[in-house]
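Asker: Sequence and computational prediction follow.
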Amino acid sequence: MDSTVKIKCSNLNLFYGDFQALHDVSMDIEKGKVTALIGPSGCGKSTFIRALNRMNDIIDSVSINGTIEYDGMDIYSDYDVIELRKKIGMVFQKPNPFPMSVFDNVAYGPRLHGIKDKNRLEEIVETSLKQAAIWDEIKDRLHKPALGISGGQQQRLCIARTLAVNPDVVLMDEPTSALDPISTSRIEDLIDELKQKYTIVIVTHNMQQAGRVSDYTAFFLNGVIEEFGTTEQIFFKPENPQTEAYISGKFG
Ligand SMILES: Nc1ncnc2c1ncn2[C@@H]1O[C@H](COP(=O)(O)OP(=O)(O)OP(=O)(O)O)[C@@H](O)[C@H]1O
């Protein structure tokens, strides 16, 4: 496998019962870059991003064929799902902190993976909150309930919680759709910083956001990748008329 490819998806078909939600999807996700998934509602973006860390496994009706390789290993046959989700973390559309303190939210994953030493946990919590650009705002409220902080802070806390288990890839499914413009802009700045260390895949409905944060963009339509390329090419020189129509706001 090409060493710049972090995740290689080949001829992926995904079904919910009889309904086929993804058709023959192939995509190379490049290491250390941000890849945006765009397309109208119901075109399969969330289904695809959830396939990358096997979040669809929890849905009984789902069946999949094709392959997804992460660092050259098949995620469906070579990985234990817990280990896979540690390496490929996920941030959801709505901030979903656990009903516990800020500290315990971030320490949750490391504890689950066997870290018990108090000093080590404190170190991880601080580093993760710093990486998620929320430490300064929250450092005096570490032992307060996470549900009591603002929505934008909760989403950065959820990013910190994802980073605390030292992932390699971070999947973000519309991470700013529930946030105000200032919180959105903070998360976008954060994505820019995080890509120095992580490979990021982001689903977004916001075209400006895709343009601002991503290096590569995939345009999905009816469960098919209509076009995939550098964000610059997709936005300024789309080859497919459907991509052009979507980007210029003619549908979706
Ligand atoms: N659990 C499920 N069971 C059955 N069908 C589903 C399930 N989840 C999604 N689908 C269907 O699969 C298709 C793709 O849905 P998906 O959520 O992946 O689209 P999307 O592009 O992320 O949409 P949106 O932008 O609205 O979030 C849709 O037709 C949807 O109704």
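Answerer: Everything's here; your move. On a predicted model such as this, the values are computed, not experimentally measured, just so you know.
Asker: drop to CA atoms for contacts and neighbour counts, all remaining ones
Answerer: Noted.
Asker: what residue ranges in the stretch 51-200 of the chain score low on pLDDT?
Answerer: Along the stretch 51-200 of the chain, no part satisfies pLDDT under 70.
Asker: What residue in it comes nearest to the ligand?
Answerer: In the stretch 51-200 of the chain, no residue comes nearer to the ligand than residue 59, which is 6.4 Å away by C-alpha to the nearest ligand atom.
Asker: distance of that residue from residue 90?
Answerer: 17 Å (C-alpha to C-alpha, to the nearest Å).
Asker: Which one of those two is surrounded by more residues?
Answerer: Neighbour count, other C-alpha atoms under 10 Å: between residue 59 and residue 90, residue 90 has more, with 28 against 9.
Asker: For the more buried one, which residues are in contact?
Answerer: 162, 170, 171, 172, 173 (C-alpha atoms under 8 Å, 6 or more residues apart in numbering).
Asker: separation between it and residue 182?
Answerer: Taking C-alpha to C-alpha, one finds residue 90 at 22 Å from residue 182.
Asker: repeat for residue 34
Answerer: Separation of residue 34 from residue 182 (C-alpha to C-alpha) stands at 21 Å.
Asker: For those two, work out which one has more neighbours and name it.
Answerer: Neighbours per residue (other C-alpha under 10 Å) separate residue 34 from residue 182, with residue 34 holding more: 26 against 10.
Asker: circling back to that earlier point, could you dump the contacts of residue 90 into a markdown table with neighbour count, distance to residue 30 and secondary structure added?
Answerer: Putting the contacts of residue 90 into a markdown table (neighbours: other C-alpha atoms under 10 Å; distance: C-alpha to C-alpha, whole Å; DSSP: H, G, I helix; E, B strand; the rest coil) gives the following:
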| residue | neighbour count | distance to residue 30 | secondary structure |
| --- | --- | --- | --- |
| 162 | 27 | 20 | helix |
| 170 | 26 | 13 | strand |
| 171 | 23 | 13 | strand |
| 172 | 23 | 16 | strand |
| 173 | 23 | 18 | strand |
